[in-house]
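Peer 1: got a predicted structure plus its sequence, pasted below:
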Amino acid sequence: MTLALTLISLAVGFVVGTALALMRVYGPVELQWIAKGYEKIFRSIPLLILLFIFGAALLSWFMWAGSIVAALFVAAVFALALRSAAYQSELFRGSILSVDIGQMMAARSVGMTDLQATRHIILPQAYRLSLPGWTNEYAVVIKDSSLASAIGVIDMLYQGQAFMNTYPALFLGIILVIAIIYFVFTYPITKYVGESMTNKLRQLGLGGGKQ
Amino acid sequence: MTKVIEVIDVWKAYDKLEVLKGISFDVSEGEVKVVFGPSGSGKSTLLRVINMLTPPDKGEVLLRGESLMAHKAELSKLRTRIGFVFQNFNLFAHLKAIDNVSIGPRLVLGKTKEEAQEIAHKALEKVRMADWSHHYPAQLSGGQQQRVGIARSIAMNPDVILFDEPTSALDPELIGEVLQVMLDIAKEGTTMIVVTHEMGFARAVSSEMIFMDEGVIVETGTPKHFFENPQSKRAIDFLHKLEVLYGKAEADKQLV
């Protein structure tokens, strides 16, 4: 459940974040303004409050999911994804801007439309540049997904708490096991993806750092 | 001979700095025109104006009689017929050499993947880079990258190819391999506009040389005219400077 919550939130955040980043880099002033406002808002509200907003105050919006349990899950995804989108947008915007301007010129001079150039030339390079930083966003979201237990989403922490209520004496043991599980799902992935991507970028001659 | 490119009274300013002040010339089928002049004279801007990477403030550019400024929607279609080779190569960094060349035919000309690969392979063979087709740009030398850049243009089978100082970013020992490829395609009858200071290349293949300074065309003529009897003081001074820089023998050397 924790993994599903994390991955779905990241995926939604990825799509929304990309759209926001493109709005900010290429959009007309009005769209830039909207995207900027969105980022400001969702980066300034604590996740726990977002969870209460979506998971309690606005829970009736998500009842289409079928049951209370499903609605809570969707609400948690909303909170995590919309906040992640704001951070991912910042990340992608930086990467898009750091793709050399000559790439766009070359794409245009081959006859690509701006849309084709963005889709096939700019974004693939921007995503590659983002990946080392993106693993950080993964680490943040997977850990923050534990906050969803506060609104009653049955994630790993919630189940742990239920277990602890039954066996109060094992509190420390259980919480340590949970901590280790989070660690195992976070550290190796960020390390592996971050390092392999940094090497790949070096091979492509993208990004800075030592040679 | 039909005119491939017509540039008619083009003006361009960046803020108050006038870069192009009424440039007009045309290029006919199979011609190679060499544009040269001091840095800051507007040569590179002129090339970017021709394919509308930098739209001019005033004036007109025609590709076989069709205006490049009339329909914005048609612009990318017209651009497919104008190749552009950059000073800094600008190969797509995330694509292997073969994909750099095939992406245009596939994405823009609507060829199938196989057809595009075939076209790209032929283009890379022409620039003698077929053995390197599975390398990324960062794994290639500057001269090799520029040859892939030329192949990327050739693969689109354009009406004209614009070269923006194609050898200026290269180490001296790599310039020859790029110029040789340019000579080859010039001799096949490719219509070309080349901004360069490589006078040997100009002498070998150009049908006309255009000397620019401070945003205007100061003097035009055949290579023979420029090397034996240039008229304007500015052109004489500039050619003299090139001679001092590269040596008379070097400037006169036949590349062929």
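Peer 2: Arrived safely. Numbers count the residues shown, from 1 in each chain, chains lettered A, B, ... in the order given.

Peer 1: residue 174: how many residues sit nearby?
Peer 2: Looking at chain A here, since you left the chain open. 17 (other CB atoms under 10 Å in any protein chain shown). The C-beta positions use only the backbone N, C-alpha and C, and glycine is treated the same way.

Peer 1: to clarify, I was referring to chain B.
Peer 2: Counted with other CB under 10 Å, B:Leu174 comes out at 18.

Peer 1: so what does it look like in phi/psi?
Peer 2: phi -100, psi -10 (degrees, to the nearest 10).

Peer 1: who's in contact with the residue nearest to it when sequence neighbours are not counted?
Peer 2: In space, and not counting its chain neighbours, B:Leu174 is closest to B:Gly143: 3.3 Å by CB to CB, 6 or more residues apart in numbering or on different chains. Contact partners of B:Gly143, counting by CB atoms under 8 Å, 6 or more residues apart in numbering or on different chains, are B:Leu170, B:Asp171, B:Leu174, B:Ile175, B:Glu177, B:Val178.

Peer 1: which helix or strand contains B:Gly143?
Peer 2: helix B:142-154 (DSSP states H and E).

Peer 1: distance between that helix and the chain's centre?
Peer 2: How far helix B:142-154 lies from its chain's middle: 12 Å, per CA atoms, centre = their mean, to the nearest Å.

Peer 1: re the thing from before, okay, the contacts of B:Gly143 in a markdown table with secondary structure and pLDDT next?
Peer 2: Formatted as a markdown table, the contacts of B:Gly143 follow (DSSP: H, G, I helix; E, B strand; the rest coil; pLDDT from 0 to 100):
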| residue | secondary structure | pLDDT |
| --- | --- | --- |
| B:Leu170 | coil | 90 |
| B:Asp171 | coil | 89 |
| B:Leu174 | helix | 90 |
| B:Ile175 | helix | 92 |
| B:Glu177 | helix | 93 |
| B:Val178 | helix | 94 |
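
Peer 1: what residues does the stretch 51-200 of chain B have near chain A?
Peer 2: B:51, B:53, B:76-77, B:79-84, B:86, B:88, B:90-94, B:103-104, B:107-108, B:136-139, B:152, B:156 (CB under 8 Å from any CB of the partner chain).

Peer 1: how about a cut-off of 7 Å?
Peer 2: B:51, B:53, B:76-77, B:79-80, B:84, B:86, B:88, B:90, B:92-94, B:103-104, B:107-108, B:136-138, B:152, B:156 (CB under 7 Å from any CB of the partner chain).

Peer 1: which of those residues are buried?
Peer 2: Among those, those classed as buried by 16 or more other CB atoms under 10 Å in any protein chain shown are B:51, B:53, B:76, B:79-80, B:84, B:86, B:88, B:90, B:92-94, B:103-104, B:107-108, B:136-137, B:152, B:156.

Peer 1: please flag which of those residues sit within helices.
Peer 2: Counting by DSSP state H, these place B:Ser76, B:Arg79, B:Ile103, B:Arg152 in helices.

Peer 1: tabulate those residues (TSV), appending distance to A:Leu147 and pLDDT.
Peer 2: Output for these, formatted as TSV (distance: CB to CB, whole Å; pLDDT from 0 to 100):
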residue	distance to A:Leu147	pLDDT
B:Ser76	47	88
B:Arg79	51	93
B:Ile103	44	96
B:Arg152	50	96
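
Peer 1: done for today, thanks.
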